[in-house]
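# Here's my sequence, what's the structure:
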Amino acid sequence: MFDGYIICGTPRTGSTLLCNLLASTRVAGNPHSFYRRQNICEWAEEWDLPNPDTVGGREFNIAYLNGAIRAGKDRTGIFGLRLMKENLDELSAILDQIFPQLPSDKARFEKAFGNILYIHLSRENKLAQAVSLVKAEQTGLWHIAPDGTEIERVAPPKEPRYDFERIKHEVTELATYDSAWNLWFEEQGITPLRVGYERLSSDPAATLVSICEALGVQAPNTEDVTPGVAKLSDETSLDWIRRYNLDAAV
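Presented below is the predicted three-dimensional model:
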């Protein structure tokens, strides 16, 4: 039996869809990016934690960790966390301050969160992933509901513009992040549960059931699973992929 899980991902791999699916079971925690540096102050305020400027760093980090665990469990027996590769070293440093002299990242994570299932969420089609990322960054729209309602917008609407060099950079960086996760798993002696975006997006119910079974919690009936997030891929996305392949072949 696991005490929790960490979704180890990269941008545009369906992590928001997966987090929502897991939370919807009401038995598998409520995973969020609690250790995304841009959101720490917002979470701390929501949890009514002391201002980090008025208490010591270690004291704040302990209070924050306890708050994250409570929120990530959300009155279930399972803790959930979404963690992007760019935030891995920061979280490890925070836990090292709280639990010093432990020999590895894995030891620190287990000390903080218990017996953890590591879920490696990746996307095989790195070009489609890069296009999705660049398009989201340009338009400011990151997620929509199945009915088309905007769920997450971080900037005013803006028309997307095809940019070969930017997409090329993201293809390389996203592949590097995936390789870094795999290297970390090997270094830490971790065998993750591997979940692919392609299967998650095409059959979210079956993917959710398989994760629940791995966690040892009651899996929902597949007929009752309703994804709360829809794909943003559209004709513009397909056009960019076509143009990129043509430009890359020159």
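
# neighbours around residue 51, how many?
As a burial measure, residue 51 scores 10 neighbours (other Cβ atoms under 10 Å). Yep, even glycine has a C-beta here, placed from its N, CA and C like the rest.

# Hmm, I typed the wrong one, I wanted residue 194.
14.

# So it: helix, strand or coil?
strand (DSSP: H, G, I helix; E, B strand; the rest coil).

# So it sits against residue 120, correct?
Yes. Taking contacts as Cβ atoms under 8 Å, residue 194 lies within contact range of residue 120: 5.0 Å.

# any shared contact partners between the two?
Residues touching both residue 194 and residue 120 (Cβ atoms under 8 Å, 6 or more residues apart in numbering): there are none.

# which outside residues touch the helix or strand residue 82 falls within?
Residue 82 is part of strand 79-84, with elements assigned from DSSP states H and E. Contact partners of strand 79-84, identified using Cβ under 8 Å, 6+ apart, comprise 3-11, 15, 19, 22-23, 28-36, 68-69, 72-73, 91, 113-114, 177.

# just the buried members of those?
By neighbour count, with 16 or more other Cβ atoms under 10 Å, those hold 3-11, 15, 19, 22-23, 28-36, 68-69, 72-73, 91, 113, 177 as buried.

# longest single helix anywhere in the protein?
helix 164-188 (DSSP state H).

# Can you give me the buried ones in the helix or strand that the strand holding residue 82 is followed by?
Heading C-terminal from strand 79-84, the first helix or strand you meet, by DSSP H and E, is helix 85-98. Using 16+ other Cβ under 10 Å as the test for burial, helix 85-98 gives 85, 87, 88, 91, 92, 94, 95, 98.
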